[in-house]
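Enquirer: Here's my sequence, what's the structure:
(2 chains)
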Amino acid sequence: MTVIEARGLRKAFGTTIALDGVNLRVEEGRILGLIGPNGAGKTTALNAILGLTPYQGELRVLGRDPWNERDQLMRDVCFIADVAVLPRWVRVSQALDYVAGVHPRFDRAKAEGFLAKTDIRRASKVRELSKGMVTQLHLALVMAIDAKLLVLDEPTLGLDILYRKQFYDSLLSDYFDRSRTIVVTTHQVEDVQHVLTDLMFINRGRIVLDCSMEDFESRYLEVKVHPEHVAAARALRPIHERQVLGRSILLFDRVDRQQLAALGDVRTPSIADLFVAVMGNKPGNRAGEVQGAAQ
Amino acid sequence: MNTRSNTLPESFGSQGTAPAALSATRPFYWSVRRELWEYRSIYLAPLAIAGVILLGFVFVLIPLPQTMRAVSSLDAAHQRAALAQPYDFAAGLIMGAAFLVSIFYSLDTLYGERRDRSIWFWKSLPVSDLTTVLAKASIPLLVLPMVAFVITVVIQSIMLLLSSVVLLASGLSVATLWTQLELYQTLLGLLYHLVTVHMLWYAPIYAWLLLVSAWARRTPFLWAVLPPLAIGIFEKVAFHSSHFVALLEYRFSGGSEAVASMQGDFPIHPGMHLTPLNFLSSPGLWIGLVVFAAFLAAAVRLRRYQGPI
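Expert: Next comes the predicted model:
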């Protein structure tokens, strides 16, 4: 089943084009990472998917038109927005009461179970909780909802590494199953590399890379080239080159592994390395290059 | 199939039927509840005023036996005027407090959820913008008048009870006090006033404030007040007339001539003649309700487009 399908999605704020003809398709059971620099259009894309902003073009989420059916859609879609948006005056018990009151698919016992594993007390107000605890609370509320699609927009922004790890661990072990779909945007790409099933780069309102993680691992290889082979390696047209401790590290797209192994140490690049390669120093040029390669 | 579903654990069954069982009024009910959690002044402000009134009432209670002896020589109308004054005063103050809270609540509610970014959280739940705005509008329209009424009933009963205890303790009869106060009729008059004036007649005022609250990116109070002021000044300067100001005065004065025939300056009086038919047939009421509906529809539409500020 297709969970999200967008064709020619466009959105402009005045003269600034936030989304410039985005096509995307997300199937059920995937965990898609939407990665892009600040102002690339990530949040705008997510807001369109969630029915929070009007747009031009075609967009269906779970078969619905998000802008005109937001309240219906939210029975099957959950989201955690880029900053703590839980109202600061609300008590934990009130938040539970409210979500239980308005959401037909909320399992209160499940939320209580998640909260029991934390230090969050029922009588506390959100303003009294630490940033990490607020995220835990929001995640507990969201994970107790039997939704088909979960959208996370920078869910771990400003959290320390322990909370971040815990966040994705509980997401994978307590929430995700093959019938659910997760779309996540984050700048902390190293946190999600082993969580994602699909990867999408967005830049200047356009999708510049769209591949599954299996494709990512088979297509992209990074070679720490032996000094004597640098010229030979460059001849294979790497998409990016960087220097680390005097050694050249070259990133290749669709170059035979055997061939590369002869030139140096081969490994799968991190998403961050590919991101730098794609968005690089000259975002426009580089992006165009990889987009061409991706098609 | 039947036997099989009977053996399913209860949690499974309730999960399956929950969406159907969830009625349309539940999101509305919980949306109103959450307003009461956020704006506790909705009931705390009138309660605080009631507390202050009770404290002040001690100074009426102490000399009450002398007062009773003094008024016994007066005629019925003057007796009533002398005895009912603190009761009318209490009702008026509580009503005024509720009206003030209404104004500040209406101006803040749709602005506040954008300012603290919680609008993203509210919008992440299956509650429509219409339900949300209607729930917010119900606070000044229904909840606050009812809060004012209930608190007034309670505080006036306490005042009457305390007065009776004081009179009986000093060996006086409570008959004059009870017959002159006509508490039941006064409260009925108060209820009528709240429904006609505070709910129906003032409805467009609340809706205007909600609309500004949904629209303004900052200082909703100025946006609510300055445009009407500007129109009034413009009309005065350009046309040397003041129809717009008169219109606002008519609205704020509570359409009193339509609601009831007045005796004296206090709007609630046991002797007043309620004129509900007159009120229901006054064009001011219906024009006001049409304006109310238009402002509210605009607020619903604005909320759909708005995110955090």
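Enquirer: Grab the nearest non-local neighbour of the residue of the stretch 51-200 of chain A found nearest chain B.
Expert: The stretch 51-200 of chain A approaches chain B most closely through A:G101 (3.4 Å), counting by Cβ to the nearest Cβ. (Glycine included, C-beta is placed from N, CA and C.) In this structure, A:G101 finds its nearest non-sequential neighbour in B:W30, 3.4 Å apart by Cβ to Cβ, 6 or more residues apart in numbering or on different chains.
Enquirer: tell me the contacts of the one you found?
Expert: A:97-98, A:101-102 (Cβ atoms under 8 Å, 6 or more residues apart in numbering or on different chains).
Enquirer: now swap in A:S179 and tell me
Expert: A:S179 neighbours (Cβ under 8 Å, 6+ apart): A:28-29, A:148.
Enquirer: From those, list the buried ones, please.
Expert: A:K148 (16 or more other Cβ atoms under 10 Å in any protein chain shown).
Enquirer: Give me the helices and strands touching the helix or strand harbouring A:Q259, please.
Expert: A:Q259 is part of helix A:257-261 when elements are defined by DSSP states H and E. Using 3 or more Cβ pairs under 8 Å, 6 or more residues apart in numbering or on different chains; DSSP states H and E as the contact test, the elements touching helix A:257-261 are strand A:220-225.
Enquirer: ok, the strand it packs on: who's next to it in the sheet?
Expert: If you go by DSSP bridges, strand A:220-225 pairs up with strand A:247-253 (antiparallel), strand A:264-267 (antiparallel).
Enquirer: Mind listing what's buried along that strand?
Expert: For strand A:220-225, using 16+ other Cβ under 10 Å, the buried residues are A:220-223, A:225.
Enquirer: residues near residue 97, how many?
Expert: By default, I'm working from chain A. Look at A:D97: counted by other Cβ atoms under 10 Å in any protein chain shown, it has 17 neighbours.
Enquirer: Not quite, go with chain B.
Expert: Look at B:A97: counted by other Cβ under 10 Å, it has 22 neighbours.
Enquirer: Over to it: give its phi and psi.
Expert: phi -60, psi -40 (degrees, to the nearest 10).
Enquirer: Distance of it relative to A:E154?
Expert: As judged by Cβ to Cβ, to the nearest Å, B:A97 and A:E154 stand 43 Å apart.
Enquirer: Going along the chain, name the strands of the chain.
Expert: Chain wasn't specified; assuming chain A. Assigned by DSSP state E, the strands in chain A fall at A:2-13, A:16-27, A:31-35, A:56-61, A:77-80, A:149-153, A:181-185, A:198-203, A:206-212, A:220-225, A:240-244, A:247-253, A:264-267.
Enquirer: that's the wrong chain, I wanted chain B
Expert: B:260-261, B:273-274.
Enquirer: By mean pLDDT, show me the worst of the ones you listed.
Expert: Comparing mean pLDDT over these, the weakest stretch is strand B:260-261, at a mean of 60.
Enquirer: What's the ChimeraX line that selects buried ones from the contacts of B:W30?
Expert: Selection of buried members from those for ChimeraX, criterion 16+ other Cβ under 10 Å:
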select /A:97,98,101,102
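Enquirer: Next, count neighbours for the closest residue to chain A within the stretch 201-309 of chain B.
Expert: Nearest residue of the stretch 201-309 of chain B to chain A, counting by Cβ to the nearest Cβ: B:G307, 6.3 Å away. The burial count assigned to B:G307 is 14, neighbours taken as other Cβ under 10 Å.
Enquirer: Any residues of chain A in contact with chain B? List them.
Expert: Neighbours of chain B within chain A, by Cβ under 8 Å from any Cβ of the partner chain: A:47, A:50, A:52-54, A:70-75, A:78-81, A:83, A:85-91, A:94, A:97-99, A:101-105, A:107, A:109, A:146.
Enquirer: let's see it at 7 Å
Expert: A:52, A:71-72, A:74-75, A:78-79, A:81, A:83, A:85-90, A:94, A:98-99, A:101-104 (Cβ under 7 Å from any Cβ of the partner chain).
Enquirer: From these, list just the buried residues.
Expert: Of the residues of chain A next to chain B, these count as buried by 16+ other Cβ under 10 Å: A:52, A:71-72, A:74-75, A:78-79, A:81, A:85-87, A:89-90, A:94, A:98-99, A:101-104.
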